[in-house]
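[1] would you be able to build a 3D model of this:
(chains A, B, C and D)
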Protein chains: 2
Amino acid sequence: MNAPHFSTKERILGAAETLFARHGFAGASLRQVTAAANVNLAAVNYHFGSKDNLIEEVFRRRLDELNARRLDALNAALTADSPRLEDVLGAFIRPALELSLDETGGHAFMRVLARAYAEHDERLRKFLSDNYGHVLRDFAAAFGRLLPHLDKEELYWRLDFITGALTHSMADFGPMKRRGQVTEEAHRERAAAHLIRFAVAGLMAD
Amino acid sequence: MNAPHFSTKERILGAAETLFARHGFAGASLRQVTAAANVNLAAVNYHFGSKDNLIEEVFRRRLDELNARRLDALNAALTADSPRLEDVLGAFIRPALELSLDETGGHAFMRVLARAYAEHDERLRKFLSDNYGHVLRDFAAAFGRLLPHLDKEELYWRLDFITGALTHSMADFGPMKRRGQVTEEAHRERAAAHLIRFAVAGLMAD
DNA sequence: GTACGATTCAAACGCTTGTTTGACCGCTCT
DNA sequence: AGAGCGGTCAAACAAGCGTTTGAATCGTAC
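    Down below sits the predicted model:
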């Protein structure tokens, strides 16, 4: 499943990501993961300590980069003379799109992320909010400045809707199937363009 | 967990719904379910045959009514002289809202539904698409007639975004917490109003 | 070459899983 | 009264789970 030149840790993370996406955290066993990674069963506990820690590490690996890119793109959008709403939106959406295009499992990770939202597991939620909550707050502040007429409650609702739409469509839950001719990349690029247009209009409503 | 005047089958369905919402399909064991339902362990296999069948039955029970209400509301909206976009949207969104207000576990069911989207389990997806796919198609047709300038691809994308936003917000994954004073019902009613306004603007973009 | 820490390995640990079994209960019908 | 039957029950089943163990192996520094 993973080329042999990757380290044991990396092979485990890659296989775990794929299998968590496919079967869920409880549904994918360490035996499946280690078999897919071509690694001894005990390696997970040796390198990560426990299955729970492995799950956290799967998130950390991707989210660190995703959020760094989001914040970079946000700052780039905000340094313009008059920041445009769709650029701020793009700073939120496009890095997620790029990640889901990553050849080494980014697409699987978007599905894992969708599962994380569905898990009301307290430990996992706290981990995500502790480590990555500030990104959402930064974006909310930026949107707030661009849409000063919107009261805070309405703004938060709309950002929540956008998050749901992004996760849902990037993990391609829906009925949208890529046409045979369109490459995976073109498909997702088009999805981002559609989502940005949709979200800009939604944010500016009223 | 369930009043004793409910039948064994109903008690199992109610407990399963709650626990599947909380821990996922693989994460909630039949022993947890039967204990919460105050029922013998073997009752699940006796009444439902298997855990998989129980999962399907949890969906069927709620989705049958949800989709019937959606189609009723859709037809009501379409019989008007000139159907309004927000009424068709309301026909899609409000029944889900009402279900999530149901006192006997509807809220839990919305979380189960969100999990179902995250499950890429082939069996479950086929079941959902076979049994309830026609509802989505009817709504898509209605929206298509109301938004004739929108090409089909764009329309399907936008409906997918709305589905994602609805599921995400109804299962309250996001940061939106209900204020202390607002009742649960008022909270969700406001969510529906916000979502409809957001979605109408998004659908009418360009 | 040999000693040593880091890594891998097969095997086993105790426990939980979904499912099955066969006895037993409470009811209705003759 | 007793046969039949849908339902419940405690108990057991094999299989799979996450984790631990102790020995084998590796690469490197001396």
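[2] the host helix or strand of A:Gly164 versus helix B:152-170: what angle between them?
    Per DSSP states H and E, A:Gly164 falls inside helix A:152-170. Relative orientation of helix A:152-170 and helix B:152-170, computed by axes from the mean of the first three to the mean of the last three Cα atoms, to 10 degrees: 120 degrees.
[3] count of residues packed around A:His47?
    16 (other Cβ atoms under 10 Å in any protein chain shown). Just so you know, the C-beta spots here come from the backbone N, C-alpha and C atoms, and that holds for glycine as well.
[4] separation between it and A:Gly27?
    For A:His47, the distance to A:Gly27 equals 22 Å [Cβ to Cβ, to the nearest Å].
[5] do the same with A:Asn38
    Counting by Cβ to Cβ, the gap from A:Asn38 to A:Gly27 is 21 Å.
[6] which of these two has more neighbours?
    Shown here are A:Asn38 and A:Gly27; by other Cβ under 10 Å, A:Gly27 has more neighbours (17 against 13).
[7] need phi/psi at the closest residue to the more buried one other than its chain neighbours.
    Counting by Cβ to Cβ, 6 or more residues apart in numbering or on different chains, B:Ala26 is the residue found nearest to A:Gly27 once chain neighbours are left out, at 3.8 Å. Reported as degrees, to the nearest 10, the phi and psi values for B:Ala26 are phi -80, psi -30.
[8] mind checking pLDDT for B:Ala26?
    For B:Ala26, the pLDDT comes out at 92.
[9] packing partners for the longest helix seen in chain A?
    Selection of the longest helix in chain A by residue count, based on DSSP state H, yields helix A:51-78. Counting contacts by 3 or more Cβ pairs under 8 Å, 6 or more residues apart in numbering or on different chains; DSSP states H and E, helix A:51-78 packs against helix A:8-23, helix A:43-48, helix A:85-101, helix A:106-118, helix A:122-146.
[10] correct me, but A:Arg31 touches A:Asn40?
    No. Using Cβ atoms under 8 Å, A:Arg31 is not in contact with A:Asn40, being 10.7 Å away.
[11] determine how far the helix or strand following the helix holding A:Gly164 lies from the middle of the whole chain.
    Per DSSP H and E, the first helix or strand lying C-terminal to helix A:152-170 is helix A:184-203. Distance of helix A:184-203 from the chain centroid (Cα atoms, centre = their mean, to the nearest Å) equals 15 Å.
[12] the lowest-mean-pLDDT helix or strand in chain A vs DNA strand D: in contact?
    Taking mean pLDDT, DSSP states H and E as the measure, chain A has helix A:106-118 as its least confident helix or strand, at a mean of 84. No. Under the criterion of Cβ under 7 Å from any atom of the strand, DNA strand D is not reached by helix A:106-118; the shortest gap measures 14.9 Å.
[13] find the residue at the geometric middle of chain A.
    A:Met110 (4.8 Å; Cα atoms, centre = their mean).
[14] ok, that one touching A:Leu99?
    Yes. The pair A:Met110 and A:Leu99 qualifies as a contact (Cβ under 8 Å) at a distance of 7.0 Å.
[15] quick one on the thing from earlier: tell me what the helix holding A:Gly164 is packed against?
    helix A:85-101, helix A:106-118, helix A:122-146, helix A:184-203, helix B:152-170, helix B:184-203.
[16] let me see the contact set for A:Leu66.
    A:95-96, A:99 (Cβ atoms under 8 Å, 6 or more residues apart in numbering or on different chains).
[17] between these, which is closest to chain B?
    In terms of Cβ to the nearest Cβ, no member of these lies closer to chain B than A:Ala96, at 12.9 Å.
[18] and whichever residue of chain A sits closest to DNA strand D, how close does it get to A:Leu113?
    Closest approach between chain A and DNA strand D, counting by Cβ to the nearest atom of the strand: A:Ser29, at 2.8 Å. Distance of A:Ser29 to A:Leu113, computed by Cβ to Cβ: 21 Å.
[19] when the two are compared, which one has more neighbours?
    Counted by other Cβ under 10 Å, A:Ser29 and A:Leu113 do not tie: A:Leu113 has more neighbours, with 24 against 14.
[20] so that one makes contact with A:Thr167?
    Yes. The criterion here is Cβ under 8 Å, and A:Leu113 meets it with A:Thr167 at 6.3 Å.
[21] ok, for A:His23, nearest residue in space, not its chain neighbours?
    Nearest non-adjacent residue to A:His23 (Cβ to Cβ, 6+ apart): B:Ala26, at 7.2 Å.
[22] can you report how many residues lie near the one you found?
    17.
[23] could you dump the helices and strands packed on helix A:51-78 into a markdown table and include distance to B:His187?
    Output for the helices and strands packed on helix A:51-78, formatted as a markdown table (distance: least, Cβ to Cβ, whole Å):
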| stretch | distance to B:His187 |
| --- | --- |
| helix A:8-23 | 32 |
| helix A:43-48 | 39 |
| helix A:85-101 | 25 |
| helix A:106-118 | 19 |
| helix A:122-146 | 19 |
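[24] contacts only, for A:Leu203.
    A:85, A:89, A:143, A:147, A:150, A:158, A:162, B:198.
[25] pipe the helices and strands packed on helix A:152-170 into TSV and attach distance to A:Leu66 per row.
    Listed next are these as TSV, based on distance: least, Cβ to Cβ, whole Å:
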stretch	distance to A:Leu66
helix A:85-101	5
helix A:106-118	9
helix A:122-146	9
helix A:184-203	14
helix B:152-170	18
helix B:184-203	24
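[26] rebuild these as TSV, extending it with distance to DNA strand C.
    Shown next, in TSV, are the helices and strands packed on helix A:152-170 (distance: least, Cβ to the nearest atom of the strand, whole Å):
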stretch	distance to DNA strand C
helix A:85-101	27
helix A:106-118	18
helix A:122-146	18
helix A:184-203	32
helix B:152-170	24
helix B:184-203	30
